[in-house]
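Enquirer: quick check, what structure comes out for this input:
(one chain, ligands or ions: 1)
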Amino acid sequence: MSLLASKRGCHIWHRRLRCLPWREIPACWSKTVTRYSSSLQRDTSLKNTRNIGIIAHIDAGKTTTTERMLYYSGFTRRIGDVDDGSTVTDFLPAERARGITIQSAAVTFHWPPLGEGTTNKTEGPRSQTPHTINLIDTPGHADFTFEVIRSLRILDGAVCILDGVAGVEAQTEKVWAQANNWSIPRIVFVNKLDRDGASFERTTKEIGSRLRGWPIVCQIPWWEGGKGRFTGVGDAVNLCALKWAEGGDGKSIKSFTLQALEQEDPGLRTELIKARAALVEALCEHDEELLEKWLECNDDSLAIPAQSIRDSLRRCIIDGSGRVIPVFAGASFRNIGVQPLLDAVDDLLPDPTERPDPEISLGSVNGSLSDLLDGKISIVPSGNKHLARKSATPKALASKIEGCALAFKVVNDARRGVLVYVRVYSGSINSNAALWNSNLHVTERAQRLLQMQASDAIEISQIPAGQIGVIAGLKHARTGDTLVSYPGVNPKVGPPPPLNALQLRPIEVPPPVFFAAVEPHSLSEEKNVADILAILLREDPSLHVNVDEESGQMLISGMGELHLEIARDRLVKDFKAKATMGNIEISYRECVLSHTSTHRFVFDREVAGKKGKAGCEASIGPLDETATAVDHTVHRDGNAITIRIITPSPLDDSSAEGPSTPPELPLDLLQSSLINGAVAALARGPRRSFPLHASHATLTFDTTRDFFGPETSPAALSSAARLAVQAALQEALSKDAIGLMEPVMNVVISCDESSLGAIVHDLSSARGGHVLSLENDSADNQGDDGRTIDPSRIYAPPDPFASSSGTSRSAGPGQQRHVTARVPLKEMVGYLKHLRSLTGGRGTFIMSVDRFERLSGPREKAV
Ligand SMILES: Nc1nc2c(ncn2[C@@H]2O[C@H](COP(=O)(O)OP(=O)(O)OP(=O)(O)O)[C@@H](O)[C@H]2O)c(=O)[nH]1
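Expert: Numbers count the residues shown, from 1 in each chain. Coordinates of the predicted model:
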């Protein structure tokens, strides 16, 4: 019924304007289809799968665009609205209340919708075949950058949405650079072109100057009559223009050929021909194949088939270097431009098989997953006599890996419990498989596998390599953990070492710089609050919780004020914990200024009704980054911990490397127990209870002296290590050798030339900052790989409103400047308000932790 109605509406629209027949517009752009269900056969072919993310600055329109994508794909029956809190992807109450995306939501849909398009086509646009699109919506606020990075590493491609008014913003640059690091192929969508002050030309030039790649304009905006309402786009790839019906749901679109444009809008036609020439010329600079085609066509850029251009665009972006950036235009809020953008996702972005092999780490060994599976990485540890004797080859050991997946998101679902989103990298994860968590060293069963559609789910039996899915029922897995299916092993010990330490695409969690105390309202509520915090930590590993051993006080720390405010909302409003969160304060650090003597501690106490006894010796000093690591050294939270195990000289096996520990105390268990104890001691400094930083603890365990048979349990070892390190810290305190450190931020401020002086003065005089650089958009822009982007060589259609609205920012007082500075975090608290007043509301900034710096005398007193 709705299908008929929508078609009829379109026909009327076509007749009235005497343009092209209905069939010229891809059917999928306008039909309403029913949502797919588990009974429908899903196209799981990897060639037709796109794992993509949407990245951008806060408020650029990611959620608004996603909602349209879901609507046009037939996934939803109405368009959700960010402003009235009815979106599908922002489904946490805190997200809906604030209108921002906090956690990236993953959603699967098809484009074109299933049942449409031609299947099994061997040539022509890929977008004529239904593709499974796994879409990850990522947050744009700087406090959640870590969430973006975590999502980025599992993506095969990304759509970067820019606000056509604000242009390229600081956060976009930051996420763009991260996407370069992960080599993610990208296309850009310039959104909000309906708004006053929008400038496609300026934004395109900024893409060149600030994102440091060559923008290739694939679509140009269509302003009604050249200067009127934003009504559609000119498509330089397919040589046509698309006009959206005013005020509709975006399904009524008229297509005009170049010929039809002669009558409809000759100005647009002329510009479209220019755009095609510029597109071909720019691509030919990067792609020999297209150059040959162009020569074959006698240098006639209009004669080159659209498919050749699509293929060339694909080739140019597939390496993920960002050197070529296809640019599309639209206004998703007005429902303009989203369907061709979806086509571009199918046509230009890669499928999982076209992506580079994921990197892995196995303890200290790094490599790629396929090298591991092909037996090219030596994984038989020389000290492991058992494996060596069985002459198990690396290939034989690795080939037993049935599936390997990365948990990229954990969500607590009110109905289904904790859901773990995974991307599978090899083999498959099967329902009910035993999964070894190589971060936590536990085995868990994948009780149920689901395909998520934002808040809806379909049960599936398998998640194959290349796909994204959800595992329900896991009790431990956290965001960022690697899960390995390795049948036939003891669930307690997992795959043979070092496979039990296999990590996919490991990333570092940045240090938290704000903290707040969490006070449960009653003693009986303590356990509940601790459980809820544990779920929040599983969801977001950039949150940290420390419980003070002595006072029992819980401290939660995170990346920014908003980050902790959201954690508080989740705790109190979503989970209904009876607890109060105290003021959000800066998380300073303590550091050890000189080396202490060694302190031995023998722990001898009953723990949970079991006797525990273990000894350990510890000393601590400042961290020397230049020193070469000896013994077993690990780095945790900015500190180093060295474990020395002293054993009687090896008796039986002179070829064995490393100390031979008592059989009931395997070396890795001994080391990890001691490390856990040291980490706990370093989490709370002796002077002001701030965590230690830049300190180096050395722990010695002498098996003849510190080992007491079965009583030396992991818990006793950790306690002995903690108390020995604490004793060393107390010595440092008594010698006045504990200093304070503060987080110093790397700040990038974007402002007009006219506010630059006031900002720089304020930063360096009032805030104790150091200005590092002052850039402008027209500066000589050299990319990381040394490529220089000359903005004057970038094609972009002229903006009809540029001169009248004064939006040009290329020269004069309106020119955009970017101030990079290092400023203590303390001086940046509440800075946005101040910046707004200095810049008449136009300035924006982003910041990230640069380092911790020792506080000087007067600043120390102010803490
Ligand atoms: N005029 C206009 N407004 C838009 C357009 N796209 C989005 N908006 C508005 O811009 C605001 C931000 O849109 P969102 O979709 O929430 O932006 P976002 O990028 O998801 O923001 P975060 O989730 O906070 O990162 C909302 O008020 C939208 O209605 C557009 O094309 N034109």
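Enquirer: and the helix or strand harbouring residue 847, what does it pack against?
Expert: Using DSSP states H and E, the element containing residue 847 is strand 844-854. Helices and strands touching strand 844-854, by 3 or more C-beta pairs under 8 Å, 6 or more residues apart in numbering; DSSP states H and E, are helix 170-181, strand 738-752, strand 816-824, helix 831-839. The C-beta positions use only the backbone N, C-alpha and C, and glycine is treated the same way.
Enquirer: where in the stretch 751-863 of the chain is pLDDT low?
Expert: In the predicted model, the stretch 751-863 of the chain carries pLDDT under 70 at residues 776-787, 802-815.
Enquirer: mind redoing it with 50?
Expert: Applying pLDDT under 50 to the stretch 751-863 of the chain flags the ranges 780, 784, 803-808, 810-811.
Enquirer: before we move on, back to that, of all the helices and strands packed on strand 844-854, which one comes closest to the ligand?
Expert: Nearest to the ligand, of all the helices and strands packed on strand 844-854, is helix 170-181, at 9.0 Å by C-beta to the nearest ligand atom.
Enquirer: what kind of secondary structure is residue 583 in?
Expert: Taking DSSP: H, G, I helix; E, B strand; the rest coil as the rule, one finds residue 583 in the coil state.
Enquirer: thought it was touching residue 514?
Expert: No. Judged on C-beta atoms under 8 Å, residue 583 makes no contact with residue 514 at a distance of 10.1 Å.
Enquirer: neighbour-wise, which of those two wins?
Expert: Neighbour comparison, residue 583 and residue 514: the larger count goes to residue 514, with 22 against 7 (by other C-beta atoms under 10 Å).
Enquirer: how close does the more buried one sit to residue 851?
Expert: According to C-beta to C-beta, to the nearest Å, residue 514 and residue 851 sit 16 Å apart.
Enquirer: wondering if the strand holding residue 847 reaches the ligand at all.
Expert: No. With C-beta under 6 Å from any ligand atom as the criterion, the ligand is not reached by strand 844-854; the gap is at least 13.1 Å.
Enquirer: what angle sits between that strand and helix 170-181?
Expert: 70 degrees (axes from the mean of the first three to the mean of the last three C-alpha atoms, to 10 degrees).
Enquirer: what does the next helix or strand after strand 844-854 contact?
Expert: As assigned by DSSP H and E, the chain's next helix or strand after strand 844-854 is helix 857-862. Here helix 857-862 makes contact (C-beta atoms under 8 Å, 6 or more residues apart in numbering) with 739, 740, 742, 768, 824, 826.
Enquirer: now the second one, nearest residue through space, not along the chain?
Expert: Closest residue in space to residue 740, ignoring its immediate chain neighbours: residue 855 at 4.6 Å, by C-beta to C-beta, 6 or more residues apart in numbering.
Enquirer: comparing the helices and strands packed on strand 844-854, which comes out most buried?
Expert: For the helices and strands packed on strand 844-854, the largest average neighbour count (mean count of other C-beta atoms under 10 Å) is found in strand 738-752, namely a mean of 22.
Enquirer: which strands and helices sit next to that strand?
Expert: With contacts taken as 3+ C-beta pairs under 8 Å, 6+ apart, strand 738-752 sits against helix 170-181, strand 589-592, strand 816-824, helix 831-839, strand 844-854, helix 857-862.
Enquirer: the ones you listed into TSV, with extra columns for distance to residue 348?
Expert: Output for these, formatted as TSV (distance: least, C-beta to C-beta, whole Å):
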stretch	distance to residue 348
helix 170-181	15
strand 589-592	46
strand 816-824	29
helix 831-839	36
strand 844-854	28
helix 857-862	51
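Enquirer: of those, which approaches residue 285 most closely?
Expert: helix 170-181 (19.8 Å; C-beta to C-beta).
Enquirer: the closest one - contacts with which helices or strands?
Expert: Packing contacts for helix 170-181, counted by 3+ C-beta pairs under 8 Å, 6+ apart, involve strand 49-56, helix 145-152, strand 157-163, helix 200-211, strand 738-752, strand 844-854.
Enquirer: by mean pLDDT, show me the worst of the ones you listed.
Expert: When those are compared by mean pLDDT, helix 145-152 comes last with a mean of 74.
Enquirer: can I get stretch 825-845 in PDB, CA atoms only?
Expert: The C-alpha coordinates for stretch 825-845 follow below in PDB (Å, rounded to 0.1, in the frame of the first residue of the first chain):
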ATOM      1  CA  LEU A 825      44.700  20.700  32.400                       C
ATOM      2  CA  LYS A 826      43.900  22.700  35.500                       C
ATOM      3  CA  GLU A 827      43.900  25.800  33.400                       C
ATOM      4  CA  MET A 828      41.600  24.300  30.800                       C
ATOM      5  CA  VAL A 829      38.700  23.500  33.100                       C
ATOM      6  CA  GLY A 830      35.700  25.600  32.000                       C
ATOM      7  CA  TYR A 831      37.700  26.900  29.000                       C
ATOM      8  CA  LEU A 832      35.000  26.500  26.400                       C
ATOM      9  CA  LYS A 833      32.900  29.300  28.000                       C
ATOM     10  CA  HIS A 834      35.900  31.600  28.100                       C
ATOM     11  CA  LEU A 835      36.800  30.800  24.500                       C
ATOM     12  CA  ARG A 836      33.300  31.500  23.400                       C
ATOM     13  CA  SER A 837      33.400  35.000  25.100                       C
ATOM     14  CA  LEU A 838      36.800  35.700  23.500                       C
ATOM     15  CA  THR A 839      35.600  34.700  20.000                       C
ATOM     16  CA  GLY A 840      32.000  35.800  19.900                       C
ATOM     17  CA  GLY A 841      30.800  32.200  20.200                       C
ATOM     18  CA  ARG A 842      32.700  31.000  17.200                       C
ATOM     19  CA  GLY A 843      35.900  29.400  18.700                       C
ATOM     20  CA  THR A 844      36.100  25.700  19.300                       C
ATOM     21  CA  PHE A 845      38.900  23.500  20.700                       C
END
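Enquirer: many thanks, I have nothing further to ask.
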